[in-house]
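Participant: Sharing a model that was predicted from the sequence below.
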Amino acid sequence: MIWSWKKCVGPLVLALTSSCSSGQPCAFENPSNPDRLADFNPRNVYYFLDEEDNQGAVGVRAVEVLVLLGQDRCRAVRSDVMATVNGVAMPLFQNASVANSLCQCTVLFSRQVTTSDQPLAAAVDISDASDRIHIEVPQGLFSHTLSPAPATLSRGQNVTITVGPVAEQLQFASVAFRSDRAGDVQDYEPAALINGHDLTFAVPPAMPAGPGEVWFQLIGELSVTQCEGAPSCRAYTLSHLRVPIVIE
C-alpha cells in the first residue's frame, strides 16, 4: 500500500470501522470461524480513492482504491471472499488494533491503480459462493490537479486555487506550509476556505523566506450510480498532495 489505511484522515475512516471499548480484548470475535459474505450483516460498503503525492521528495504520485466493509460487530470474513476493481483482483486486509483508546476492527480490500487527470469509471465486485456486492462509481478513478499550482509566493499573500477535476464534491481541505530551512520543523497551517472547487488560503506571515513545501489534505465525496447487495454504498476521495514552493 502507498500509505497505510491507518493514515487516512482519522475521523472519517475510524468512524466507519466497528469499535469496542478498550476494556475488552482487541481481536475479531470469530477468528476460527470467519463469516461468509452472506453472514456479514449488517453491512455497508465504502469506496475510497486514496491518493498520496510525494512530488516534493521523489517525484512520485500513486493512487490506490480501498473498499471498506462497514459493520456493527468485530467479525472477520473468510479468505475466499474476493473483490475486484474493473476486473482486477484486490487483496483482502483484516486488522484489529487499538486506536484512540478504542479497538478498531477493519475489513477492507485494496489495490493500487493507474489513473489520469480525467475521471475514469470504477466498477467493484465483492463475492463468494454465498453472496455478491456490486457498486459502480462513474468518475471513481482520477488524480487531482491544482490550478494554478503554487510556485513562488509572498508572505501574507492570499491564494486561490481550483481543485480538479470536477468529479467530486469537496468536503474538507487543510493546508500546511513547511520550510526547508535547516532546524525549522514547524508546520504553518493557515485556515482554508472551500467555495465549490476553489480553495482559498493566505500564506502565513511567519513562514520563512526560501524554498519549502505546501501540503494539501483533501476529502471529497463521489457519486455512486449502482449499489447492489448492500443497503448503503458511499464513495470518497482521500488525498495528500505535496507541492514545492519558494517564499519571497
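Facilitator: In hand now; what should we look at?

Participant: CA atoms only for the helix or strand hosting Glu213, dumped as CSV, please.
Facilitator: Assessed by DSSP states H and E, Glu213 sits inside strand 210-222. This file holds the C-alpha atoms of strand 210-222, laid out as CSV (Å, rounded to 0.1, in the frame of the first residue of the first chain):
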residue,chain,number,x,y,z
GLY,A,210,13.3,30.5,0.8
PRO,A,211,12.3,27.0,-0.5
GLY,A,212,9.7,24.9,1.1
GLU,A,213,6.5,22.9,0.5
VAL,A,214,2.8,23.3,0.8
TRP,A,215,0.9,20.2,1.8
PHE,A,216,-2.8,19.7,0.9
GLN,A,217,-5.1,17.2,2.6
LEU,A,218,-8.4,16.8,0.8
ILE,A,219,-11.6,14.8,1.3
GLY,A,220,-14.3,14.7,-1.3
GLU,A,221,-17.4,12.6,-2.0
LEU,A,222,-18.1,10.9,-5.3
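
Participant: tell me the mean pLDDT over it?
Facilitator: Average pLDDT, strand 210-222: 91.

Participant: Check the offset of that strand from the chain's centre.
Facilitator: 13 Å (C-alpha atoms, centre = their mean, to the nearest Å).

Participant: quick one: strands adjacent to it?
Facilitator: The pairing partners recorded for strand 210-222 under DSSP bridges are strand 168-179 (antiparallel), strand 233-247 (antiparallel).

Participant: what's the closest of these to Val65?
Facilitator: Val65 sits nearest to strand 233-247 of all those, at 10.0 Å, using C-beta to C-beta. Yep, even glycine has a C-beta here, placed from its N, CA and C like the rest.

Participant: tell me which residues of the closest one are tucked away?
Facilitator: Buried residues in strand 233-247, counted by 16 or more other C-beta atoms under 10 Å: 233-243, 245, 247.

Participant: residue ranges with poor pLDDT in the chain?
Facilitator: Under the criterion pLDDT under 70, the flagged ranges of the chain are 1-24, 54-61, 71, 100, 182-185.
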